[in-house]
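Peer 1: can't give you the sequence, but here's the structure:
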C-alpha cells in the first residue's frame, strides 16, 4: 500500500509539474517570438515560474520517498 | 526587472548568509541534528537552483541557435531532492529529516519572498 501511495504521489506531482512547465515554456517561447526585445523579462518570469511550479512536486517526491522507506 | 543572473547572485548571497547562521547554530547550540539537516537541505536546494539556472541558459542558447531544447532538468532536481532525503534517512543520528526537507525548500521560499519584495518596492 505504501508503494502504491508513493507511486501515486510521484506520478501526480510529476504530471502537474510537467503540464505547468510545458505551459510556461510554450508561452515564453511564443512571447519571445512575438517580442524579441522583451526577452530578458520573459526569461526571468519563466525562471521564477519554473522554480515555483517545481517546488511542490519536489516535496511530493520527497514525501513519497519517505513513505516508501518507513 | 532583475535578470536571472542577478536573482541567482542575490539568492547565493542570502543562502550563504543563512548557511553561516546554521553553521554557527550547529557549533554553539544543542540542536546539532536540526542544524545539520538544515545545512544539508539548503546545500541540495542551492544545487537545484544552480541546475535550473544552467539549464535555462542552455535553453536560451538553443532558442538562439534554432535547435531543439532537450530538457529543463526536472528529473535531476527531483533526484537531488530524493538524494538529500536519502542521506537524512540513512544517517538519522546526524541529520534530522524534517529540517532537511525544510532546508531543501529554503531557496524557493527566498525566491518567492525576494520576488514579492522586489515588486513591493517598485
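Peer 2: Sure thing, it's come through. No experiment lies behind these values; they were computed from the predicted model shown.
Peer 1: OK, contacts around the residue nearest the centre of chain A?
Peer 2: Nearest to the geometric centre of chain A sits residue A:17, at 3.0 Å (CA atoms, centre = their mean). Residue A:17 makes contact with A:53-54, A:56-57, B:74, according to CB atoms under 8 Å, 6 or more residues apart in numbering or on different chains. All C-beta atoms are positioned from the backbone trio N, CA, C, and that covers glycine.
Peer 1: which strand or helix spans it?
Peer 2: helix A:2-34 (DSSP states H and E).
Peer 1: report the inter-axis angle for whichever helix or strand comes after that helix versus helix A:2-34.
Peer 2: Heading C-terminal from helix A:2-34, the first helix or strand you meet, by DSSP H and E, is helix A:39-69. Per axes from the mean of the first three to the mean of the last three CA atoms, to 10 degrees, the angle that helix A:39-69 makes with helix A:2-34 is 180 degrees.
Peer 1: circling back to that earlier point, give the buried residues for the helix holding residue A:17.
Peer 2: A:6, A:9-10, A:13-14, A:17, A:20-21, A:24-25, A:28, A:31-32 (16 or more other CB atoms under 10 Å in any protein chain shown).
Peer 1: how about the nearest residue to the residue nearest to the centre of chain A, chain neighbours excluded?
Peer 2: Of all residues not flanking residue A:17 in the chain, residue A:57 sits nearest, at 4.0 Å (CB to CB, 6 or more residues apart in numbering or on different chains).
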